[in-house]
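Colleague: here is a sequence together with a model predicted from it:
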Amino acid sequence: MKLGLQLGYWQAQPPTNHAELVKAADESGFDAIFTAEAWGSDAFTPLAWWGRETRNVRLGTSIVQMSGRTPTSIAMHALTLDHLSGGRMVLGMGVSGPQVVEGWYGQPFSKPLARTREVVEIIRKVLAREGAVTNDGPHYPLPYRGEGSVGLGKPLKPITHPLRADIPIWLGAEGPKNVAQTAEIADGWIPIFYTPGSAGMYQPWLDEGFARPGARRTRADFEIAATCHLEIVPDAAAKQAAIDAMKPFAALYMGGMGAKDANFHKQVFERMGYEQLAGTVQELYLTGRKDEAAAMIPDALIEDLHIIGTEGEVKEKVAQWAETGVTTLMLSLRTTDEVRRIADLLA
């Protein structure tokens with residue numbers, strides 16, 4: 001199992017230590033670094049900026065929001081970064097949610113699975129560069145002939161020859177149909193809550209996708225890049241403090257991420273068996289009682305979602321994650337010492 005450094009997206013100000021974290025990851029044997037985006041910083045620019053000094057790590061987006069760019073624009077970003085990095089680009093994408101898609105990008109959220117399939121197909125056509133890129137689908141027609149068209153759209157193929165036609169495409173997916181489609185059409189999957197405790201729930205969905213005619217990958221060569229917080233602690237008291245510190249983040253995803261009736265993260269927790277808890281946490285969170293919501297999160301859930309413990313406990317838990325089929329652990333780390341210590345421990 002490989003290690004990835006999850007840099008995430010920027011908060012109110014740009015981070016001050018990501019260059020150092022990236023350098024440490026590149027020198028310590030990490031396989032990849034990943035950047036994200038919400039409605040502030042974008043995912044591609046930091047990879048170009050911080051990745052320019054790296055030699056070893058792959059450069060991945062986790063994730064690019066598909067509604068923020070046309071499929072051909074996403075392909076251009078990936079094509080460019082793949083050339084600049086010497087073939088180290090990993091394109092991670094996702095549909096995001098209706099609040100962001102319609103509220104920030106001004107695009108319709110409906111038909112997310114069909115839109116995802118079209119985006120992937122168009123990007124692969126661009127990277128293959130076998131001819132002019134066209135698409136007959138309803139979501140991203142190429143050439144465009146709809147309302148407002150002047151009728152002069154011309155099928156094109158990229159001027160720049162892609163370095164690789166098979167840049168890995170990983171998809172963020174949470175629900176049964178989306179996970180199955182990801183296993184069918186993608187090279188990898190970026191789950192948000194894939195853990196030793198929940199892994200069994202996902203296996204039939206993945207198997208359904210792998211079994212579809214024309215599936216791109218098999219379980220043997222399909223990547224699962226799971227995200228978690230990993231923290232080495234000296235004793236039980238420090239472990240409890242670390243667990244407590246993660247509860248507000250679990251409460252945010254369970255209760256405050258997305259619209260009340262369209263919180264896809266909450267739905268994952270419900271499928272994991274926390275339906276009653278998720279409802280209570282959401283009610284507390286949406287009424288401003290965030291501390292009470294966090295206090296409802298049980299220790300056992302945090303211990304399943306994340307890897308927290310002494311060095312021995314961490315090694316044991318990492319092995320459990322590997323047994324579930326995880327090929328890459330995406331870790332959010334705060335210091336270069338943490339990066340190097342974890343790399344040494346798990347080497």
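Modeller: Great, that's in hand.
Colleague: convert the lowest-mean-pLDDT helix or strand in the chain to CSV, retaining C-alpha atoms only.
Modeller: Least confident helix or strand of the chain, by mean pLDDT, DSSP states H and E, is helix 264-269 with a mean of 84. Taking Å, rounded to 0.1, in the frame of the first residue of the first chain, the C-alpha atoms of helix 264-269 are listed here in CSV:
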residue,chain,number,x,y,z
PHE,A,264,-24.6,12.6,0.4
HIS,A,265,-22.0,12.2,3.2
LYS,A,266,-24.8,11.8,5.8
GLN,A,267,-26.3,9.1,3.6
VAL,A,268,-23.0,7.2,3.7
PHE,A,269,-23.1,7.3,7.5
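Colleague: next one: stretch 278-297 to chain centre, how far?
Modeller: 25 Å (CA atoms, centre = their mean, to the nearest Å).
Colleague: quick check: mean pLDDT of it?
Modeller: The average pLDDT for stretch 278-297 rounds to 92.
Colleague: measure that stretch end to end?
Modeller: 9 Å (CA to CA, to the nearest Å).
Colleague: repeat for stretch 217-229
Modeller: Taking CA to CA, the first and last residues of stretch 217-229 lie 28 Å apart.
Colleague: residues of it that come out buried?
Modeller: Using 16 or more other CB atoms under 10 Å as the test for burial, stretch 217-229 gives 217, 222, 223, 224, 225, 226, 227, 228, 229. C-betas here are computed from N, CA, C, even on glycine.
Colleague: with stretch 60-76 instead?
Modeller: Quick answer for stretch 60-76 (16+ other CB under 10 Å): 60-69, 71-72, 74-76.
Colleague: do the same with stretch 87-97
Modeller: Applying 16+ other CB under 10 Å to stretch 87-97 flags 88, 89, 90, 91, 92, 93, 94, 95, 96, 97 as buried.
Colleague: quick check: bridge partners of the fourth one?
Modeller: Bridge pairing for residue 91 (DSSP bridges) gives the partners residue 169.
Colleague: how near is it to residue 127?
Modeller: Going from residue 91 to residue 127 by CB to CB, to the nearest Å gives 9 Å.
Colleague: shared neighbours of the two, which are they?
Modeller: 78, 167 (CB atoms under 8 Å, 6 or more residues apart in numbering).
Colleague: go through the least confident helix or strand of the chain and flag the buried ones.
Modeller: Buried, per 16+ other CB under 10 Å, within helix 264-269: 264, 265, 266, 268, 269.
Colleague: same deal with stretch 268-275?
Modeller: Neighbour counts over stretch 268-275 (16+ other CB under 10 Å) mark 268, 269, 270, 271, 272, 274 as buried.
Colleague: how far off centre is that stretch?
Modeller: 20 Å.
Colleague: got the end-to-end distance for that stretch?
Modeller: 9 Å.
Colleague: ok, residues contacting that stretch?
Modeller: 174, 192, 193, 197, 198, 201, 253, 254, 277, 278, 301.
Colleague: now stretch 293-312
Modeller: Counting by CB under 8 Å, 6+ apart, 193, 195-198, 228-235, 239-240, 242-243, 246-248, 250-251, 254-256, 274, 277, 280-282, 284-285, 314, 316-318, 321, 329, 345 sit against stretch 293-312.
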